[in-house]
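Trainee: build me a structure from this.
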Amino acid sequence: MDRKQLDTLIAQRDENRHPLAQIRRESETEFTINNHKYEVVHSFNDGFNFEEFIRRYNPALSQYDYIVGDWGYGQLRLKGFYSETRDEVKGPFITALNDYLLEDVNFGSANFVVHNLEARPVIRKATHSRSRRHSGRNRSRNNNSRSNPGRQQNSRNHDNPQHEHQNNHENETKHRNHNGNRRNHRNHAFVEQKVKPVKPSLEKRDNLVVTKEAESNNHHFIIRESKK
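Mentor: Numbering: from 1, shown residues only. Here you go, the predicted model:
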């Protein structure tokens, strides 16, 4: 698509665009937008075009004290600026107009400045501050739970007495089992085993012969020796 075709499409779009506000001209430099007064305070190279301003205006610009328009490639661009007396906003302020014209506007292009004599106040949404406070509470709770997990567990047990009773019973059972194991370990430092008398094997008993028998004080002695 060449530049001529692009310009044609832009022109068709502008023709089909409907005004977004009720704008009425009062004089050469004064007009109203939705019954609020505006005034053209600066126009360089006849930059202010009332008909084109109507097509390009957006109601979001009504919060600004000044509206700056500049032309580039046959298209009008509008940008809002606040008065330097507006303390509730962070900018942009009209005091930075020269920097804007030098840095963002084509050199030597037509431009103008419109003063909004009845700029509406900037209203900040309360939901943002409320959500920030809510998120701050959540972060505080998370930090407290990380720094003191025992306190969080006690709080849960306090909220659930049945769960607390079950935990206490389990802890007491573990304590008794642990103490019983310690006593068993302390009283039995060795392994108890039953020892049975070991008789010599039959083979060894068959190889024994009687070599001497004697009696003494009602005791009978038998002495056996191995066969040679």
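Trainee: quick check: residue 51 is in a helix.
Mentor: Yes: counting by DSSP: H, G, I helix; E, B strand; the rest coil, residue 51 is part of a helix.
Trainee: what's near enough to touch it?
Mentor: Contacts for residue 51 were tallied using CB atoms under 8 Å, 6 or more residues apart in numbering; there are none. Heads up, the C-betas are built off the backbone N, CA and C, glycines and all.
Trainee: the one 3 residues further on now?
Mentor: For residue 54, the set of contacting residues under the criterion of CB under 8 Å, 6+ apart consists of 19, 23.
Trainee: and if we set it to 10 Å?
Mentor: Neighbour list for residue 54: 17, 19, 20, 21, 22, 23, 24, 25, 31, 33 [criterion: CB atoms under 10 Å, 6 or more residues apart in numbering].
Trainee: how far away is the second one from residue 34?
Mentor: By that I understand residue 19. In this view, residue 19 and residue 34 are 11 Å apart by CB to CB, to the nearest Å.
Trainee: burial count for residue 43?
Mentor: When neighbours are counted by other CB atoms under 10 Å, residue 43 registers 16.
Trainee: low-confidence stretches in this protein?
Mentor: Counting by pLDDT under 70, the chain has low-confidence residues at 1, 3-7, 9-18, 123-228.
Trainee: follow-up on the earlier one: who wins on neighbours among the contacts of residue 54?
Mentor: The most crowded member of the contacts of residue 54, judged by other CB under 10 Å, is residue 33 (23 neighbours).
Trainee: next, the contact list for that one, please.
Mentor: Neighbour list for residue 33: 19-24, 53-54, 57, 59, 61-62, 67, 114, 116, 118 [criterion: CB under 10 Å, 6+ apart].
Trainee: one more: residue 61?
Mentor: Going by CB under 10 Å, 6+ apart, residue 61 touches 20, 21, 33, 67, 78, 79, 80, 114, 116, 119.
Trainee: now swap in residue 111 and tell me
Mentor: Going by CB under 10 Å, 6+ apart, residue 111 touches 42-45, 47-48, 68-72, 76-77, 97, 100-101, 105.
Trainee: how about it, nearest residue that isn't a chain neighbour?
Mentor: Leaving aside its chain neighbours, residue 111 sits nearest to residue 70 (4.1 Å; criterion: CB to CB, 6 or more residues apart in numbering).
Trainee: and the helix or strand encompassing the one you found, what does it pack against?
Mentor: Per DSSP states H and E, residue 70 falls inside strand 66-72. Contacts defined by 3 or more CB pairs under 10 Å, 6 or more residues apart in numbering; DSSP states H and E place strand 66-72 against strand 36-44, helix 50-56, strand 75-81, helix 97-104, strand 111-116.
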